[in-house]
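# pasting a predicted model and its sequence here:
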Amino acid sequence: MDFEDLASRLGIDNEDFRELVELFIATTQSDMEKIRQALADRNPADAGAAAHSIKGAAGNLGFEDMAKLAETMESQGKDGSLNGFDAYTSEMDGYVTRLQEKLSGD
Amino acid sequence: MALEKRQPYSVLAVDDNMLNLKLIEKALTKEGYTVYAADNGPKAREIAGEKQPDLILLDIEMPGENGFDVITKLKDNSATNTIPVLFLTGVSEVDAKLKGFDLGAVDYIIKPFHPQEVLARVRIHLKLSIATNSLIQDQAGKLRQVTAAQEAMLPQPSEFPDARFGVYYRALQEAGGDFYDILNISGNITGYFVADSSGHDIETSYMTASVKALLAQNCTPVYSPLESMKMINDVLVEILPPGKYLTACYMHLNRSTMKMTIINAGHPPVVCLPQEGEPYLFKGEGDILGMFSDAGFGQVQITVKEGDRFFLYSDGLVESAENKITWATGADSLLPVYSTLSNTPYADAPAEMISQLFGNDSCPEDDIVLLCVEV
């Protein structure tokens, strides 16, 4: 995950990219809260909607693995299934943690 | 044309995801655009109405009011319905794209989007929008010139005090189909001409100019009123495009001999309001002008008295599409209204008549010309 490379692909400078990543972490954490709530409520549609939001934002920043995971969650949620969501959420949390570490480490 | 457009151009970005909004904002502000951001539909519509952005980027999938709801409401609102809208949509959502176009979107950007693509599409749609607006302004400007030219062709009572007439003229569109002219044939002979041409387009305004020239050439003491109309008809048959024609009425008043000649070419009947007595119609039959080379026109010749009044008008005065009234019946039904105008000065009679018929604020359904002539 090379921030400089991603920033250059988007045509923006590194500082702006880091600001966007910070915002992305915040919005993703908020979306993950919605997903956890949807899991508690057994509400696949809400989980799918929150995953849709993560998918778009992750895709826009070039975080393709996160976007793919979010897409899986979205399509499954929209199909009415919450199977495997515990694992998905752990995986997504892991991506977020690595982003936070990357931000503070650079 | 003056370049009045303010700078910088502004874009309203609508997305429930703050990251997407921020990304769009960063990409566009760096290039000099003003960006307004809204994370929900109602807020987007509020900003669109207040700030009048030059373009809107609209996410489809949003909680509450989605992108389709938002564009539908934007297009229903006259303050926002011309702002170009680009949808932000997922790659697989073919139906959504089609629905977006159906609802009035000009383009879509597939998510995840690249900021440089957003920038490129914003640029191209702003260029298109500017070009379209400039074309509209240009055309409206030309039509305003046509209106001014056409109105300049309509003689005002102050220019012909001896003709003793008052007039009400109203064109619904820039190139009105109604037309009138006053002809100073000689010291005591005046011609009054009212016509209604088919169509309201630019071609019509050229026809108006042609007829005015023909009237000046042919309404002379050398020709009788009927001869004048026949000569004008023959030229019009040659020059008018297919489907174009006029209905017209020509009134020739000789104040020395007190003879009035009325020529009717498929036009609503002239009304006479005598100095004493009740108003009545001259229902002269006649072919329309400009259609047949062997056209025959209705002709009436009467002796008039000082103070007698004559009303010439176009069908907009007596016809009503809404109430299914044609001039054949409408003209009769208006006779009592003319009686009320006996004591109104002739110069004010047309406006008074219109006010009585349509009130001060209701809108006539067609062009209207109404001429009142006093002997």
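Received the coordinates, thanks. Numbering: from 1, shown residues only, chains lettered A, B, ... in the order given.

# which residue ranges form the helices in chain A?
A:3-10, A:14-41, A:44-61, A:64-78, A:85-105 (DSSP state H).

# if we go by neighbour counts, what in the third one is buried?
For helix A:44-61, burial by neighbour count (16 or more other Cβ atoms under 10 Å in any protein chain shown) applies to A:44, A:46-61. All C-beta atoms are positioned from the backbone trio N, CA, C, and that covers glycine.

# then stretch A:68-77?
A:69-74, A:76-77.

# what lies in contact with it?
Under the criterion Cβ atoms under 8 Å, 6 or more residues apart in numbering or on different chains, residues A:35, A:38, A:44-49, A:51-52, A:54-55, A:58, A:82-85, A:88, A:91-92, A:95 lie in contact with stretch A:68-77.

# got it, and stretch B:61-69?
Identification of contacts with stretch B:61-69 by Cβ under 8 Å, 6+ apart yields A:49, A:52, B:14-16, B:40-42, B:58-60, B:70, B:73, B:87-88, B:90, B:99-100, B:103.

# got phi/psi on residue B:111?
Main-chain dihedrals, residue B:111, degrees, to the nearest 10: phi -90, psi 140.

# now do the contacts for it.
Applying Cβ under 8 Å, 6+ apart, the residues near residue B:111 are A:56, A:59-60, B:20, B:88-91.

# which non-adjacent residue is nearest it?
Nearest non-adjacent residue to residue B:111, counting by Cβ to Cβ, 6 or more residues apart in numbering or on different chains: residue A:56, 5.0 Å away.

# try residue B:340
Spatial nearest neighbour of residue B:340, chain neighbours left out: residue B:356 (7.0 Å); criterion: Cβ to Cβ, 6+ apart.

# run a quick neighbour tally on the one you found.
Number of residues near residue B:356 (other Cβ atoms under 10 Å in any protein chain shown) recorded here: 12.

# so residue B:10 makes contact with residue B:48?
No. The criterion here is Cβ atoms under 8 Å, and residue B:10 misses it with residue B:48 at 10.5 Å.

# when these two are compared, which one has more neighbours?
Neighbour comparison, residue B:10 and residue B:48: the larger count goes to residue B:48, with 24 against 19 (by other Cβ under 10 Å).

# what residue ranges in chain A score low on pLDDT?
Within chain A, the ranges that satisfy pLDDT under 70 run A:106.

# tell me the residue of it that sits nearest chain B?
Proximity of chain A to chain B (Cβ to the nearest Cβ) peaks at residue A:59, 2.7 Å away.

# so who does that residue touch?
Counting by Cβ under 8 Å, 6+ apart, residue A:59 touches A:67, B:111-112.

# closest to residue B:124 among those?
residue B:111 (18.5 Å; Cβ to Cβ).

# residue B:126 belongs to a helix?
Yes. Assessed with DSSP: H, G, I helix; E, B strand; the rest coil, residue B:126 lies in a helix.

# was I right to think it contacts residue B:55?
Yes. Between residue B:126 and residue B:55 a contact is recorded at 5.9 Å, counting by Cβ under 8 Å.

# between the two, which contacts overlap?
Shared contacts of residue B:126 and residue B:55, defined by Cβ under 8 Å, 6+ apart, comprise residue B:9.

# these two: which is more packed in?
Neighbours were tallied for residue B:126 and for residue B:55 using other Cβ under 10 Å; the higher tally belongs to residue B:55 (22 against 17).

# show me what contacts the more buried one?
For residue B:55, counting by Cβ under 8 Å, 6+ apart, the contacting residues are B:9-12, B:83-86, B:122, B:125-126, B:129.

# write down the beta-bridge partners of it, one by one.
Counting by DSSP bridges, residue B:55 forms beta bridges with residue B:11.

# sorry, back to before: can you list the contacts of residue A:59 in a markdown table and add distance to residue A:6?
A markdown table is the format used below for those (distance: Cβ to Cβ, whole Å):
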| residue | distance to residue A:6 |
| --- | --- |
| A:67 | 13 |
| B:111 | 17 |
| B:112 | 12 |
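
# of these, which is the nearest to residue B:317?
Of all the contacts of residue A:59, residue B:111 has the smallest distance to residue B:317: 59.8 Å, by Cβ to Cβ.

# contact partners for residue A:17?
Residues near residue A:17 by Cβ under 8 Å, 6+ apart: A:3, A:6-7, A:10, A:61.

# kindly recompute the last result at 10 Å.
A:3-10, A:24, A:61-62, B:23, B:26 (Cβ atoms under 10 Å, 6 or more residues apart in numbering or on different chains).

# and residue B:78, by the same measure?
Residues counted as contacts of residue B:78 (Cβ under 10 Å, 6+ apart): none.

# skipping its backbone neighbours, what lies nearest the residue nearest the centre of chain A in space?
Centroid-nearest residue in chain A: residue A:54, 4.2 Å away (criterion: Cα atoms, centre = their mean). Nearest in space to residue A:54, with sequence neighbours left out and distances taken as Cβ to Cβ, 6+ apart, is residue A:70 at 4.1 Å.

# next: residue B:155.
Excluding the flanking residues, the one nearest residue B:155 by Cβ to Cβ, 6+ apart is residue B:182, at 4.6 Å.

# can you tell me the helix or strand for that neighbour?
strand B:178-186 (DSSP states H and E).

# distance from the chain centre to the helix or strand following that strand, please.
In the C-terminal direction, the helix or strand that comes right after strand B:178-186 (DSSP H and E) is strand B:189-197. Remark: strand B:189-197 is offset 22 Å from the chain centroid, using Cα atoms, centre = their mean, to the nearest Å.

# enumerate the residues of chain B near chain A.
Where chain B comes near chain A, counting by Cβ under 10 Å from any Cβ of the partner chain, the residues are B:15-24, B:26-27, B:30, B:59, B:61-63, B:88, B:90-92, B:110-119.

# got a PyMOL select line for the buried ones in those residues?
Applying 16+ other Cβ under 10 Å to the residues of chain B next to chain A, the buried members can be selected in PyMOL as follows:
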select buried, chain B and resi 15+16+17+18+19+20+21+22+23+24+26+27+59+61+62+88+90+110+111+112+113+114+115+118+119
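
# OK, contacts around residue A:19?
A:12-13, B:22, B:26.

# and chain A, which residues reach chain B?
Within chain A, the positions lying close to chain B (Cβ under 10 Å from any Cβ) are A:9-13, A:16-17, A:19-28, A:30-31, A:46, A:49-50, A:52-64, A:67, A:71, A:74-75.

# change it to 6 Å
With the criterion set to Cβ under 6 Å from any Cβ of the partner chain, chain A comes near chain B through A:10-12, A:16, A:20, A:23-24, A:27, A:53, A:56-57, A:59-60.

# now the residues you listed as JSON lines including distance to residue B:317?
Shown next, in JSON lines, are those (distance: Cβ to Cβ, whole Å):
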{"residue": "A:10", "distance to residue B:317": "67"}
{"residue": "A:11", "distance to residue B:317": "66"}
{"residue": "A:12", "distance to residue B:317": "67"}
{"residue": "A:16", "distance to residue B:317": "68"}
{"residue": "A:20", "distance to residue B:317": "68"}
{"residue": "A:23", "distance to residue B:317": "68"}
{"residue": "A:24", "distance to residue B:317": "70"}
{"residue": "A:27", "distance to residue B:317": "67"}
{"residue": "A:53", "distance to residue B:317": "64"}
{"residue": "A:56", "distance to residue B:317": "62"}
{"residue": "A:57", "distance to residue B:317": "66"}
{"residue": "A:59", "distance to residue B:317": "66"}
{"residue": "A:60", "distance to residue B:317": "64"}
